[in-house]
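S.K.: My questions are about this predicted structure, shown below with the sequence.
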Amino acid sequence: MHTIKLSVSDEIYAQIVSLFQTFPSNELKVVEDTPSFVVSDVDEAKERVFQAEKNAKYIDHDEFVKEIDSHIDSL
């Protein structure tokens with residue numbers, strides 16, 4: 001076997017993983033899957049924060065606690 005190290009953007013990550021899963025495990029396996037959060041400059045950091053805030057769903061702290069309590073009660 002050969003080992004290939006890839007850097008994959010967040011935009012296509014799910015598609016790449018999905019593609020990998022189409023192959024039999026004896027033919028292709030993910031050896032290491034490490035997200036890269038290292039930023040090289042301030043502009044990149046600002047862009048990542050902006051994208052995270054834009055795509056996030058925030059809820060009130062009290063609502064979060066209620067959802068956790070409800071989930072625990074259902075166990």
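M.R.: Cool, got the structure. Numbers count the residues shown, from 1 in each chain.
S.K.: residues in contact with the helix or strand where His71 lies?
M.R.: Secondary structure from DSSP states H and E places His71 in helix 61-74. Outside helix 61-74, the residues that touch it by CB atoms under 8 Å, 6 or more residues apart in numbering are Ile59. For every residue, glycine as well, the C-beta is placed using N, CA and C.
S.K.: redo that, cut-off 10 Å
M.R.: Applying CB atoms under 10 Å, 6 or more residues apart in numbering, the contact partners of helix 61-74 are Tyr58, Ile59, Asp60.
S.K.: Contacts only, for the second one.
M.R.: The contact partners of Ile59, by CB under 10 Å, 6+ apart, come to Val65, Lys66, Glu67.
S.K.: which element is Lys29 on?
M.R.: Per DSSP H and E, there is no helix or strand for Lys29.
S.K.: Go ahead and confirm it touches Phe20.
M.R.: Yes: with contact defined as CB atoms under 10 Å, Lys29 counts as touching Phe20 (8.4 Å).
S.K.: Counting neighbours, what do you get for the residue nearest to Leu28 when sequence neighbours are not counted?
M.R.: What sits nearest to Leu28 in space, not counting adjacent residues and going by CB to CB, 6 or more residues apart in numbering, is Phe20, at 5.9 Å. Other residues near Phe20 come to 12 when the count uses other CB atoms under 10 Å.
S.K.: what secondary structure does His2 sit in?
M.R.: coil (DSSP: H, G, I helix; E, B strand; the rest coil).
S.K.: For it, grab phi and psi.
M.R.: His2 adopts backbone torsions of phi -120, psi 160, taken as degrees, to the nearest 10.
S.K.: Equivalent analysis for Lys46, please.
M.R.: phi -60, psi -40.
S.K.: for Asp60, same thing?
M.R.: Torsion angles, degrees, to the nearest 10, at Asp60: phi -60, psi 150.
S.K.: and what of Leu28?
M.R.: Torsion angles, degrees, to the nearest 10, at Leu28: phi -150, psi 130.
S.K.: Only alpha carbons, please: show the helix or strand of the chain with the lowest mean pLDDT as PDB.
M.R.: In the chain, the helix or strand scored least confidently by mean pLDDT, DSSP states H and E is helix 42-55, which has a mean of 82. Extracted in PDB, the C-alpha atoms of helix 42-55 (Å, rounded to 0.1, in the frame of the first residue of the first chain):
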ATOM      1  CA  VAL A  42      -4.900  37.400  11.100                       C
ATOM      2  CA  ASP A  43      -7.000  37.800   8.000                       C
ATOM      3  CA  GLU A  44      -7.500  34.000   7.800                       C
ATOM      4  CA  ALA A  45      -8.400  33.800  11.500                       C
ATOM      5  CA  LYS A  46     -11.000  36.600  11.000                       C
ATOM      6  CA  GLU A  47     -12.400  34.800   8.000                       C
ATOM      7  CA  ARG A  48     -12.700  31.500   9.900                       C
ATOM      8  CA  VAL A  49     -14.400  33.200  12.800                       C
ATOM      9  CA  PHE A  50     -16.800  35.000  10.400                       C
ATOM     10  CA  GLN A  51     -17.700  31.700   8.700                       C
ATOM     11  CA  ALA A  52     -18.200  29.900  12.000                       C
ATOM     12  CA  GLU A  53     -20.500  32.600  13.300                       C
ATOM     13  CA  LYS A  54     -22.400  32.800  10.000                       C
ATOM     14  CA  ASN A  55     -23.000  29.000   9.900                       C
END
